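**Student:** Whatever this is, show me its structure:
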Amino acid sequence: MDVFGISLAVLVLFVGFGLLIGVLFGFFGMGGSFLVTPALLVMGYPSRVAVGSGLAFVFGTSVIATLKHRDLGQVDYKLGVLMIAGTTAGIEVGKEVVLHLEELGMAGSIISVTYVFLLGGIGLFVTYEALKGDGDGGVDHDAADADVDADDIPDIAKTIQSYRVPPMISLRGGVSVSLWMILGVAFATGLLSGFLGVGGGFIRMPALFYLIGVPVPIAVGTDLFEIVFSGGIGSFLYAMDGGVDLSIVLPLLAGSALGARVGSAATSIVDEGDIKVYFGLMLLGGSLAVAVREIGNVYGIGVFDTVSLVLILGSALLVSGAVVYSSVTALREESGSPSHALD
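**Tutor:** A predicted model of the protein is given here:
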């Protein structure tokens with residue numbers, strides 16, 4: 001039986017895959033194209049279709065997740081617009097660096113190595129900081145505008161906030177940061193995003209917390225707000241060239257519509273320390289998967305592509321399961337509190 005021109009088994013697979021990614025996307029503000037594109041490539045779809053359909057899915061899922069975060073008061077639109085401006089400039093510079101490296105014949109190897117070490121490095125750092133207990137707990141998830149306790153702000157963010165170069169910008173969570181510091185962080189994250197050719201959610205979300213100092217739930221919600229614009233523009237450009245396959249995108253979105261809302265709501269329930277641990281483990285799994293794929297490419301071992309995909313999907317499944325489990329546990333502990341209901 002065929003639906004949307006694909007078999008029922010593949011349709012069910014896509015819906016389930018969309019549900020899984022939706023949970024991660026809503027919870028972390030990243031995970032869409034990071035998972036969808038390599039999976040479609042391994043399934044045999046052309047690169048243009050895999051990337052374009054992945055971007056279209058990211059756009060749709062980010063809209064769903066952002067709306068949920070907005071309902072929870074976890075989107076700082078002012079910060080989001082400033083980050084979009086800074087990252088756009090950074091992406092252009094990063095692209096120029098890639099073009100220069102291509103002329104030297106060094107782009108592929110340098111980008112791959114950087115990607116692996118950056119994913120692994122951020123994953124280790126976030127996991128270590130969370131387990132150590134810095135910036136943990138403390139933030140009131142029920143009041144996104146509540147002031148952040150000084151002990152809950154990472155040391156790097158405290159240093160950046162100490163540079164009182166006018167104009168100063170007041171952000172959600174009682175955070176006040178110089179406009180130039182925000183644009184500087186945005187430019188740096190955009191530079192890495194443009195250099196690596198990725199959406200950059202795994203860079204921006206920790207940057208918003210560790211460098212600017214906004215609470216983790218607001219960092220996730222604001223990051224998703226940015227992805228609405230980048231995913232929308234990217235998917236539109238690919239769609240103009242026929243790179244978006246709706247028979248892929250629609251089933252994925254059907255699953256993610258629920259998953260994104262569950263993941264987004266979970267950020268208001270799960271402890272911030274747990275969010276950071278799960279995020280770090282997700283990046284470590286991704287780093288290992290990319291490393292395996294690159295080794296397979298270097299030595300011509302085709303089966304390593306499949307191993308890489310299994311590692312990505314396996315880590316995603318484990319982390320999303322942990323998110324749901326933590327949410328259910330938190331709900332049971334706070335049963336009877338109407339503010340902690342998954343809508």
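**Student:** For the host helix or strand of Ile233, buried residues please.
**Tutor:** Assessed by DSSP states H and E, Ile233 sits inside helix 216-240. By neighbour count on 16 or more other C-beta atoms under 10 Å, the buried set for helix 216-240 is 216-232, 234-235, 238-239. The way it works is simple: take the backbone N, C-alpha and C, and place the C-beta from them, glycine included.
**Student:** Let me know the average pLDDT across whatever helix or strand comes next after that helix.
**Tutor:** Next in sequence after helix 216-240, counting helices and strands by DSSP H and E, comes helix 246-266. Helix 246-266 shows a mean pLDDT of 89.
**Student:** For helix 246-266, what is the distance to the chain centroid?
**Tutor:** How far helix 246-266 lies from its chain's middle: 15 Å, per C-alpha atoms, centre = their mean, to the nearest Å.
**Student:** Can you spell out which helices and strands pack onto it?
**Tutor:** Under the contact criterion of 3 or more C-beta pairs under 8 Å, 6 or more residues apart in numbering; DSSP states H and E, helix 246-266 touches strand 6-7, helix 8-28, helix 47-71, helix 216-240, helix 303-333.
**Student:** In it, which residues are buried?
**Tutor:** Applying 16+ other C-beta under 10 Å to helix 246-266 flags 248-253, 255-266 as buried.
**Student:** Could you check the angle it makes with helix 47-71?
**Tutor:** On the basis of axes from the mean of the first three to the mean of the last three C-alpha atoms, to 10 degrees, helix 246-266 is oriented at 30 degrees to helix 47-71.
**Student:** packing partners for the next helix or strand along the chain from helix 246-266?
**Tutor:** Sequence order places helix 272-299 as the next helix or strand after helix 246-266, per DSSP H and E. Packed against helix 272-299 by the contact rule (3+ C-beta pairs under 8 Å, 6+ apart) you find helix 8-28, helix 32-42, helix 107-132, helix 201-207, helix 216-240, helix 303-333.
**Student:** starting at the chain centroid, how far to helix 272-299?
**Tutor:** The answer for helix 272-299 is 13 Å, by C-alpha atoms, centre = their mean.
**Student:** List the buried residues for it?
**Tutor:** In helix 272-299, counting by 16+ other C-beta under 10 Å, buried: 272-294, 296.
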